[in-house]
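J.: Take a look and give me a structure for this.
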Amino acid sequence: MIERYSLPLMARIWDLGNKYRCWLDVELAVCKAMHDLGMIPVEDYIQIQDKADFDVDRIAEIESQTRHDIIAFVSNVAENVGPASRWIHYGLTSSDVLDTATALQLKQAGEIILGDLLRLLEVLKIKAREFKYTLCMGRSHGIHAEPTSFGLKFALWYDETSRNVSRMEQAIAEISVGKISGAVGNYAYISPEIEEIACEHLGLEPSRVATQIIARDSYSQFMTTIAIIGSTIEKIALEIRHLQRTEVGEAQESFSQGQKGSSAMPHKKNPITSEQLCGLARILRSNASAALENNALWHERDISHSSVERVILPDSTILVNYMLNKVSQLLDDLVVYPTKMKENIELNGGVFFSQALLLKLVEKGMERDDSYKIVQKLAFHSWQEKISFSKVVTDNQEVRELLSTDDLDTVFSYDRYTDNVDLIFYRLGI
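T.: Residues are numbered from 1 along each chain as shown. Sure thing, here's the model as predicted:
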């Protein structure tokens, strides 16, 4: 991933130093297991513990000849250890090391993503509470529908993010699996006991069954979870983009001192962060699709998945880490305009009270279809003639014959739009 979208903590998980450190951790865990089972003499095990190390540049030098990264790595470690290195990689195949180490990296990355999600949850909770009773116009199909609580937007995103936390926790559990079972996964040259001890030492579960590799459905789950998180971020960002449009003007991204919105038009304040997040979410979805295509491989293994994973695993984890931090900051600094929300609510003369009027007429005995026709006619008249809906309704004799002044007061009440917000927040625990 390019530096522009890389935060240091996540980027370090995927640098060569940490990758090789995870590889070495796997090799040492297997040696420990073999030592515990009496296979490696004490003096050899001490040599391995004391001297096992690697050099990134030396590995690259060896790989230029071997054209095989695991062999280059093992050769470099052996150079440091000496004769006792004969036990390193004993009975293993490359994917034993690579897949088990990748599980360690994905677990590390997943824990960072979880922390990012929890931070976003807290921001959403605070914003939901802040705007709990702030009325704004609700829109369906982009058209004014009925007023709603602005806080409910944040509450909805809070609920979805809560599910993303659960999804990520499950995805981490699914990928936290190691495999030390040899060339085709049948333990021909290494025992299941070694795998169990090594995985326990690494904080992983042993794979219940494998071929030369760990099955890629767990990787797919991890990557699709990241893609879903990206879609939640996109949902939030897209709403902010709409709210920032000049014609709406109900909220906008913060605009810092010295910031410029356009090279040509000095008046512009553009939702650049939200647009960026919507674009980056496409990459997460594309990478999830690539992960799904990695599930099907020839026989016990080919390497068509390997080249893909070298790109998509770091790229998606680094990107979602960046995006989660960006959206949390965006929401934390969001500029909100309740006065503009009120203006927009009143923009069409109160025709949004149409459903309240329809239902009140039904309560008074009118057939629903007849009520709908009357209310629709009155609403369209109000809209077209730019006369307030309440006046049009009050002046209509057919309505006045059925509805009292108290009935009309109920119809044109704003209270219904926030009456049940407390219940919704109670359900969410916020």
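
J.: Show me what the helix or strand where T317 lies packs onto, helices and strands only.
T.: Assessed by DSSP states H and E, T317 sits inside helix 304-332. Helix 304-332 sits against helix 8-13, helix 94-130, helix 217-244, helix 272-293, with contacts defined as 3 or more C-beta pairs under 8 Å, 6 or more residues apart in numbering; DSSP states H and E. No exception for glycine: its C-beta is placed from N, CA and C like everyone else's.

J.: So what angle separates the directions of that helix and helix 94-130?
T.: 20 degrees (axes from the mean of the first three to the mean of the last three C-alpha atoms, to 10 degrees).

J.: I'd like to know which elements the helix or strand of the chain with the lowest mean pLDDT is packed against.
T.: Counting by mean pLDDT, DSSP states H and E, the chain has its least confident helix or strand at helix 397-402, which shows a mean of 92. Counting contacts by 3+ C-beta pairs under 8 Å, 6+ apart, helix 397-402 packs against helix 354-363, helix 368-385.

J.: how about A11, what does it touch?
T.: 1, 318 (C-beta atoms under 8 Å, 6 or more residues apart in numbering).

J.: what's the distance between it and I112?
T.: Applying C-beta to C-beta, to the nearest Å, the value for A11 to I112 is 11 Å.

J.: quick one on the thing from earlier: mind listing what's buried in the helix holding T317?
T.: 305, 308-309, 312-324, 326-328, 330-331 (16 or more other C-beta atoms under 10 Å).

J.: Check stretch 203-210 too.
T.: For stretch 203-210, by 16+ other C-beta under 10 Å, it's 204, 206-207, 210.

J.: now the residues you listed in a markdown table, with distance to V74 and secondary structure?
T.: Below are these laid out as a markdown table (distance: C-beta to C-beta, whole Å; DSSP: H, G, I helix; E, B strand; the rest coil):
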| residue | distance to V74 | secondary structure |
| --- | --- | --- |
| L204 | 21 | coil |
| P206 | 22 | strand |
| S207 | 22 | coil |
| A210 | 20 | coil |
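
J.: Just give me the closest of these to I236.
T.: L204 (33.9 Å; C-beta to C-beta).

J.: Next, count neighbours for the closest residue to that closest one other than its chain neighbours.
T.: Closest residue to L204 apart from its sequence neighbours, by C-beta to C-beta, 6 or more residues apart in numbering: G178 at 4.0 Å. Residues near G178, counting by other C-beta atoms under 10 Å, number 30.

J.: if I read this right, G178 contacts R208, doesn't it?
T.: No. The criterion here is C-beta atoms under 8 Å, and G178 misses it with R208 at 11.5 Å.

J.: The helices and strands packed on helix 304-332: which one's closest to V77?
T.: Of all those, helix 94-130 comes closest under C-beta to C-beta, at 10.9 Å.

J.: could you point out which element follows the closest one?
T.: Heading C-terminal from helix 94-130 (DSSP H and E), you reach strand 135-140.

J.: Please name the strands paired to that next one in the sheet, noting orientation.
T.: strand 143-149 (antiparallel) (DSSP bridges).

J.: tell me which residues in the strand it pairs with are buried?
T.: For strand 143-149, a neighbour-count test (16+ other C-beta under 10 Å) marks 144, 146-149 as buried.

J.: so after that strand, what's the next helix or strand?
T.: Past strand 143-149, the next helix or strand by DSSP H and E is helix 150-175.

J.: quick one on the thing from earlier: model confidence over the next helix or strand after the helix holding T317, on average?
T.: Sequence-wise, the next helix or strand downstream of helix 304-332 (DSSP H and E) is strand 335-336. Average pLDDT, strand 335-336: 96.

J.: for strand 335-336, packing partners?
T.: If you count contacts as 3+ C-beta pairs under 8 Å, 6+ apart, strand 335-336 packs onto strand 251-252.

J.: quick one: strands adjacent to the strand it packs on?
T.: strand 335-336 (antiparallel).

J.: Which residues does the partner strand contact?
T.: By C-beta under 8 Å, 6+ apart, strand 335-336 touches 131, 134, 150, 250-255.

J.: at 10 Å instead, please
T.: 127, 130-131, 134, 136, 150, 243-244, 250-255, 269 (C-beta atoms under 10 Å, 6 or more residues apart in numbering).

J.: Buried only: go through those for me.
T.: Buried among the contacts of strand 335-336 (16+ other C-beta under 10 Å): 127, 131, 134, 136, 150, 243-244, 250-253, 269.

J.: now, which of those sits nearest E63?
T.: Of the buried ones among the contacts of strand 335-336, the one sitting nearest to E63 (C-beta to C-beta) turns out to be E253, at 45.6 Å.

J.: Let me see the contact set for the closest one.
T.: Contacts of E253 by C-beta under 10 Å, 6+ apart are 237, 240-241, 243-244, 259, 269-275, 329-331, 333-335.
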